[in-house]
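K.L.:
Provide a 3D model corresponding to the input given below.
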Amino acid sequence: MIQILLNLFLRDLEKLKTEISSFKDENKIWEISGDIKNSSGNLCLHLCGNLQHFIGAILGNSGYVRNRDAEFSRKDVPIRELVAEIELTTKTVEKTLKELKEEKLEEIFPINVFGYEMTTGYFLTHLATHLNYHLGQVNYHRRLIDIIN
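P.N.:
Numbers count the residues shown, from 1 in each chain. Okay, here's the model as predicted:
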């Protein structure tokens, strides 16, 4: 199961890198419109912070310190920095999951995230679907907003 989760994380982080790199106008990464309250740039920062915190720091003891508010308030981070953050996140996720023992998936996740206990396997599955959910938003956002006239 760990290898399956790792494959999904690696696949979707690579897709996130492709989406962010595909913006024709770098400024459009930070635009919002109508009821869209989170820019693609902020979603990218959020996904990286989320995975580096829950997988890297909590499971892998990486020392990463999360600033969730900054994930949504930072603006105008250049594409090259966002891509570097995705690449760092990818390395962190890969290292941590490769070192994780299969039996750890049945143990209770070390912190209570949603107000109830859940297994590490359940929470890692949640993190993979969370990544995929926001990846879809980034894709739609790019195709709707990054129109060069």
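
K.L.:
mind listing what's buried along stretch 19-34?
P.N.:
Residues E19, I20, F23, E26, K28, I29, W30 are the ones in stretch 19-34 that count as buried (16 or more other CB atoms under 10 Å). Every C-beta, even on glycine, is put in place using the N, C-alpha and C of the backbone.

K.L.:
could you dump those into TSV and include distance to H134 and pLDDT?
P.N.:
Shown next, in TSV, are these (distance: CB to CB, whole Å; pLDDT from 0 to 100):
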residue	distance to H134	pLDDT
E19	10	98
I20	12	98
F23	16	96
E26	20	93
K28	17	94
I29	14	96
W30	16	96
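
K.L.:
can I get these in TSV including secondary structure and distance to T120?
P.N.:
Compiled in TSV, the buried residues of stretch 19-34 are given as follows (DSSP: H, G, I helix; E, B strand; the rest coil; distance: CB to CB, whole Å):
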residue	secondary structure	distance to T120
E19	helix	28
I20	helix	29
F23	coil	35
E26	helix	38
K28	helix	38
I29	helix	33
W30	helix	35
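
K.L.:
can you say which two of the residues you listed are spatially most distant?
P.N.:
The largest separation in the buried residues of stretch 19-34, counting by CB to CB, is between E19 and W30 at 14.3 Å.

K.L.:
could you list the low-pLDDT ranges of this structure?
P.N.:
148-149 (pLDDT under 70).

K.L.:
tell me the centre residue of it?
P.N.:
Centroid-nearest residue in the chain, with CA atoms, centre = their mean: L47, separated by 2.3 Å.

K.L.:
can you give me the strands in the protein?
P.N.:
Assigned strands in the chain: none (criterion: DSSP state E).

K.L.:
which helix is the longest one in it?
P.N.:
Under DSSP state H, the helix in the chain containing the largest number of residues is helix 120-145.

K.L.:
against which helices or strands is that helix packed?
P.N.:
Judged by 3 or more CB pairs under 8 Å, 6 or more residues apart in numbering; DSSP states H and E, helix 120-145 is in contact with helix 2-21, helix 40-51.

K.L.:
switch these over to a markdown table; also include distance to E85.
P.N.:
Output for the helices and strands packed on helix 120-145, formatted as a markdown table (distance: least, CB to CB, whole Å):
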| stretch | distance to E85 |
| --- | --- |
| helix 2-21 | 9 |
| helix 40-51 | 5 |
